[in-house]
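K.L.:
pasting the sequence and the predicted coordinates here, then a few questions.
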Amino acid sequence: MDNIRFLIVNYLLGPFLGIIICLLETVRIISIRHFNRYPLWEQKIIIVSNHPSLLEPVLIPLLGFPWMNFPWVFSPIWTRIRFSLHWFKDLQKEFALQKKLVPINAPDKKNFYDPPYMKVFEGVNVPVDRGGGAMQRSGAVSILKRILVGGGRILIFPEGTRTFKTKPETRYRTKSGRELGELKGGAAWLALTTGAKIVPVWVEGSDRFLPNNKPPVPRFWHRVTINIGEPFSLDKADHPGSSRSSRKTASEAIAQALLKTGDETG
């Protein structure tokens, strides 16, 4: 069933939404900066982003469209010839690679996983019970760890909620006025324990394009900027001490990378 859901999301919904985003980029409603920094083919990647609106979980997984949806199309000609000669074996390999290239999201279980209309996304999501106890949250983190160890990718919004819901007194602020809520330790722990590379992404203007009120109606006259930061890794040697203290300093490094990426948007 998960494979069927993946096929639906990857070959139907993914291309449909990807084409829409490409059109919005063509008319400059969406602007993607420093796309050359985005690792198209690397495995074991943690994508971290700020979270100003409900738009980011849709936009960011589609940054790799169409390469990640149809990786064999962009392979060298000799690979395609070999693929045709050994089609079944290579089909299995390409399908496995494809699943690893699609970022797995970690949505809130109650609001964005359990509703019936979200069932199709179950194959590419790992739910987090934010209202549950530590055991439920740690279980979700363990699943994300297994995905990374297996060479997959995950998408995390380390603030744990949209920025406007975070406590103002705990937010990071830059001189240019950008804000980022206090980060949870999950992304840092995953990066330290798996050695996965971190790709910071800053989204600007999405809360004006899709306001944080109900119902959220898109305002196409507002522009959205997606800036991709420099990928980096966290070295355990740079974050010594207890598990809690190392997560704290590593989270600080992630926050600073996100803020630096945000300030690049101008």
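P.N.:
Received, thanks.
K.L.:
measure L210 to L190 for me?
P.N.:
Noted for L210: a distance of 28 Å to L190, by C-beta to C-beta, to the nearest Å. Heads up, the C-betas are built off the backbone N, CA and C, glycines and all.
K.L.:
those two: which is more packed in?
P.N.:
Shown here are L210 and L190; by other C-beta atoms under 10 Å, L190 has more neighbours (25 against 20).
K.L.:
A140 is in contact with the more buried one, correct?
P.N.:
No. If you go by C-beta atoms under 8 Å, L190 and A140 don't touch, sitting 11.0 Å apart.
K.L.:
where do the contact lists of the two overlap?
P.N.:
With C-beta atoms under 8 Å, 6 or more residues apart in numbering applied, the contact sets of L190 and A140 do not overlap.
K.L.:
confirm V201 sits in a strand?
P.N.:
Yes. Under DSSP: H, G, I helix; E, B strand; the rest coil, V201 sits within a strand.
K.L.:
neighbours of it, how many?
P.N.:
Using other C-beta under 10 Å, V201 has 25 neighbouring residues.
K.L.:
and stretch 178-189, end to end?
P.N.:
When the termini of stretch 178-189 are compared using C-alpha to C-alpha, to the nearest Å, they are 25 Å apart.
K.L.:
likewise stretch 226-234?
P.N.:
23 Å.
K.L.:
and if you look at stretch 165-181?
P.N.:
Start-to-end span of stretch 165-181 (C-alpha to C-alpha) is 8 Å.
K.L.:
that stretch: which residues count as buried?
P.N.:
Neighbour-count burial for stretch 165-181 flags 166, 172, 178-181 (criterion: 16 or more other C-beta atoms under 10 Å).
K.L.:
which of those sit farthest apart?
P.N.:
For those, the maximum inter-member distance is 13.3 Å, found between T166 and R178 (C-beta to C-beta).
K.L.:
other residues contacting stretch 112-131?
P.N.:
Residues outside stretch 112-131 that contact it (C-beta under 8 Å, 6+ apart): 1-6, 8-9, 13, 57, 61, 102, 104-110, 136-137, 140, 143-144, 147, 154, 160-161.
K.L.:
whichever of those residues end up buried, select them in ChimeraX.
P.N.:
Typed into ChimeraX, the line below selects the buried ones among the contacts of stretch 112-131, using 16+ other C-beta under 10 Å:
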select :5,6,9,57,61,102,104,105,106,107,109,137,140,144,147,154,160
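K.L.:
strands - which of the contacts of stretch 112-131 land there?
P.N.:
Cross-referencing those against strands under DSSP state E gives 104-105, 154.
K.L.:
show me how far stretch 63-77 is from its chain's centre.
P.N.:
Stretch 63-77 sits 18 Å away from the centroid of its parent chain (C-alpha atoms, centre = their mean, to the nearest Å).
K.L.:
got it, and stretch 238-249?
P.N.:
Per C-alpha atoms, centre = their mean, the displacement of stretch 238-249 from the mean C-alpha position of its chain is 24 Å.
K.L.:
identify each buried residue in it, please.
P.N.:
For stretch 238-249, burial by neighbour count (16+ other C-beta under 10 Å) applies to 239, 246-247.
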